[in-house]
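**Student:** Here is the input, now give the coordinates:
(chains A and B)
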Amino acid sequence: MANIWRKFKTLLAESTIEVVTVQSINAAGTSKCTTYQGGVVIVSGDSVAVGDKAFIQDGRIIGEAPDLSYYEIEV
Amino acid sequence: MSYDPGTNILFSFRVVYEPPKGNAIEFRLGDFSQVCEMFLPAVGEVDFSLATLLPVSLDFAFNEKCYPDNQQEQIIPKCEEIKIYVAPVGLVDFDFFKPYDWPSGTVDFDLADCLGDDPPEPPPPWYVIPANISQDFAVGFKTGQVADTQKRSRWKDATYIEPEYRAGWGQGEVVDRLVKSGFIGLPALYRENRVAFDRLLRSENDIFAAWHNLEGNDSNEKRSIWDSTTAKDGKLNAGYREPGAKDNHFVIPWGITTKEIDFSFVVPWAVPPPNDTLHTTKWGRAWYEKICIRDYLPPAGTAVALDFETQISDVGDKDHIHFWFDSLSYDERCNHREPSGWRDPYTYRPPLIVPQTPNRRAYTNMNSALLKKVSDNMPLDLSTFSAKIDFGSWVWDFSASLQTWSSFDAVEPDENGFQEVEADINGYIFRGIVERASEQEQRKTSFAIRGRGPAAELARPYAPQTSYTEEAERGARQIIEERLSGTGWALDWQITDFTIPANVYTFHNATPLEAIKQITEALGARIQAHLHSKTLKILPRYPIKPWEWDTTTPELIISESVIMTSSRDWLPGGNYNGVVVSGTNTGVLVKVMRTGSGGTEMAPMITNPLIVTTEAATQRGIYEIAASGSWQTYTITLPLKTEPEQPGLLLPGTLLQINRERESFNAMVTGVKVTAKRQNGLKVRQIVEVQRYRGKHLA
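**Tutor:** Residues are numbered from 1 along each chain as shown, chains lettered A, B, ... in the order given. Predicted structure coming up:
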């Protein structure tokens, strides 16, 4: 009776968009970014200046992200 | 005040002039409140401009009544005080612009000069004292009262009145003898007309009131009904004439009493003692909160201040302090219970009684399963039926098998669209639209229909797809209500609302349901269509945070004996304790963490354009953290009972407590499937999928 579609979806890797902070821009057209989870990732694309926020998806920068208000909420 | 014309007086009659009396125009020159001043034009002339041709002849009379009208004692001015009109150059010039119809050939203006000679003696009276007036009728002129000399008429000063203008005392016409006052010689009365008291009864018989003999009646319809009425029906007589004997048993008992009233007996509380005004009961919500609620207010630094009045050498073993924490003792009013219940219903929370399925050795179910076509209530011969919904689906899916061609033909979709059917399974009404119908002919033909609930009309392929951008700041609920407006569907909103800025909510080629899902999926909420009514519920995926389920009072306790079958499965999860939820171009970026965890294990970041407020981010964060944990899925088969018997239909989102011999836990219903099958009787079941949270419980 399980929802087959839901089970199937869990097998697929989700392509999520993430907001990161550009830490440095490398020579090869890649950027070193810090994620909000605390990790560091190198993605392709150098369109966003150092210190700015960027949207990344599937390992590449897809655009500059606005600097949104940050909150921490415990639930 | 006086009228002082410059040169001319212009009388302009724009309409036909109607003289108040006779043919006269009365000129009053002067002020009423003062002694009259006659009109004295300084220069020029008196100019009468009669614009309208008068229909009647016109007489002029210069009124000399110059003394005030409002005084009883009339003041007649002396002649010296009257200023006589003096024509400036000897003439008064009347310039008639229209032809003037002379009344009798001459217009005689008599401007008397009161400084001249005395007026002539009045002519002798024209009348003659009638000779035949007897002495008894003489008018009493002889002995009148002494006249007041101040009021007497002054003949000398009066102006002689021409007969033409004087009052009608002049030579009158001969009075007709027939119309003169008839005191002297009344004509003889005619016998027929005079009042004849002595003969009234026997004369003029024809004009008597018709009491004696009605005669000459035209017809029966017009005659008086008094002389010939029909006989009365004796049966209709009112029976009041001879009443029956009174029933003595009903005599009022205190009509005759032999017992005398004891006047010495005094009601003792006729004068009550004065109220004790000093005693007042202070109660009510404000006093309750003042007396019965104690909040500990720590001093600065969140410390607990211990103020010991007794030396340590005087207590215990003189070296240690032992604390005993008694439960706080409150005022009697705080927990006072009266015979009728609690004193204050607003502070009293009745203990929650959790319904529980009965624990029996055997259960008897009187099942019913009916299916009909909605449009004409045609019953369909149902052989099996099933309907299901779960967390992942928003509308009920149903399938049924029918037994006859007639039923199948009645509900099979055709070029006019689908048919709507309604199933009644143990009192629960399911509605659905038949989207597919199949039949298979073998040894015995079988017919199957499938479909969804009526909410399917909001989704593909039935609903139109539109594109839209909300260009104003609106609430999420408002936006969803707008998507449902005009569809006939109502909204049951049970999640936290939040405001979406302008130009954030947008969709392209989406049905109303897809447009709504865009919001609910951003929040981790779910849509659930009602069983049969046109209502869409927007519910949180986890109304209670899963890590709090074990300490939450469940909605129903499932006892072991009611469980027919049970199976369980394990779903591993990531056991995250935090997630970053972010808007895209606008909104907020929120790190949502389980309380006390510090967000040490973060789930992948969630970005959604509709994460615009912390309310939206919190709801989505709870869903992400909860869903990431490990879960245990139980599939249990239960009977479906008609309310209020338990278990009733267990909808997704219901928190259950499963009480079994080897374990007892709280879990939430995430899906339900109702089945009805006719095979050796009718069997109705509900197969419930419950999920038990097996994520990490923080210490």
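**Student:** I figured B:Ala459 hits B:Glu514, correct?
**Tutor:** Yes - at 7.3 Å, B:Ala459 counts as touching B:Glu514 under the criterion of CB atoms under 8 Å. (C-beta placed from N, C-alpha, C; glycine too.)
**Student:** Could you look up the SS state of B:Asp409?
**Tutor:** Three-state assignment for B:Asp409 (DSSP: H, G, I helix; E, B strand; the rest coil): helix.
**Student:** go on, B:Val579?
**Tutor:** B:Val579 ends up strand, using three-state DSSP.
**Student:** give me the number of residues near it?
**Tutor:** By other CB atoms under 10 Å in any protein chain shown, the residues close to B:Val579 number 27.
**Student:** ok, what's across the strand from it?
**Tutor:** Judged by DSSP bridges, the bridge partners of B:Val579 are B:Val592, B:Ala603.
**Student:** what's the spacing between it and B:Glu521?
**Tutor:** Using CB to CB, to the nearest Å, B:Val579 is found at 15 Å from B:Glu521.
**Student:** pLDDT on the helix or strand where B:Phe447 lies, on average?
**Tutor:** If you go by DSSP states H and E, B:Phe447 is part of strand B:446-452. The predicted model assigns strand B:446-452 a mean pLDDT of 92.
**Student:** For it, buried residues please.
**Tutor:** B:447-449, B:451-452 (16 or more other CB atoms under 10 Å in any protein chain shown).
**Student:** ok, the nearest residue in space to B:Ser393 that is not next to it in sequence - contacts?
**Tutor:** In space, and not counting its chain neighbours, B:Ser393 is closest to A:Asn3: 6.9 Å by CB to CB, 6 or more residues apart in numbering or on different chains. Counting by CB atoms under 8 Å, 6 or more residues apart in numbering or on different chains, A:Asn3 makes contact with B:390-393, B:671.
**Student:** where along the stretch 251-400 of chain B do the helices fall?
**Tutor:** Secondary structure of the stretch 251-400 of chain B by DSSP state H, counting those that start in this stretch: the helices cover B:285-292.
**Student:** Same check on chain B?
**Tutor:** B:285-292, B:405-411, B:476-484, B:512-523, B:614-628 (DSSP state H).
**Student:** Comparing these by mean pLDDT, which bottoms out?
**Tutor:** helix B:285-292 - the lowest mean pLDDT of these, at a mean of 76.
**Student:** Next, the buried residues of that one.
**Tutor:** Applying a neighbour-count criterion of 16+ other CB under 10 Å, one finds B:Tyr288 buried in helix B:285-292.
**Student:** now check stretch B:645-665, is it near chain A?
**Tutor:** No - applying CB under 8 Å from any CB of the partner chain, one finds stretch B:645-665 separated from chain A by no less than 11.1 Å.
**Student:** List the buried residues for that stretch?
**Tutor:** Of the residues in stretch B:645-665, those buried (16+ other CB under 10 Å) are B:646-659, B:665.
**Student:** sorry, back to before: least trustworthy position among the contacts of A:Asn3, going by pLDDT?
**Tutor:** B:Gly392 (85).
**Student:** How many residues are close by that one?
**Tutor:** 16.
**Student:** Against chain A, how distant is it?
**Tutor:** 4 Å (CB to the nearest CB, to the nearest Å).
**Student:** So that residue sits against A:Arg6, correct?
**Tutor:** Yes - taking CB under 8 Å as the definition, B:Gly392 is a contact partner of A:Arg6 at 4.5 Å.
**Student:** for the chain, what's the longest strand?
**Tutor:** The chain I'm using is chain A. The residue-count maximum for a strand in chain A (DSSP state E) belongs to strand A:17-25.
**Student:** wrong one, I was asking about chain B
**Tutor:** What stands out as the longest strand in chain B, according to DSSP E, is strand B:664-678.
**Student:** Pull the contacting residues for the most centrally placed residue in chain A.
**Tutor:** The residue lying closest to the centre of chain A (CA atoms, centre = their mean) is A:Glu18, at 2.7 Å. Taking CB under 8 Å, 6+ apart as the criterion, A:Glu18 is in contact with A:35-36, A:55-57, B:604-605, B:607.
**Student:** Next, give me the two most distant ones among the residues you listed.
**Tutor:** Greatest spatial distance among these (CB to CB): A:Tyr36 and A:Gln57, at 15.0 Å.
**Student:** rewinding a little: would you mind extracting the C-alpha trace of the helix or strand following the longest strand of chain A into CSV?
**Tutor:** Using DSSP H and E, the helix or strand that directly follows strand A:17-25 along the chain is strand A:30-35. Extracted in CSV, the C-alpha atoms of strand A:30-35 (Å, rounded to 0.1, in the frame of the first residue of the first chain):
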residue,chain,number,x,y,z
THR,A,30,36.1,28.0,-10.9
SER,A,31,35.2,29.5,-7.5
LYS,A,32,35.8,28.3,-4.0
CYS,A,33,32.7,28.7,-1.9
THR,A,34,31.5,28.1,1.6
THR,A,35,28.2,26.5,2.2
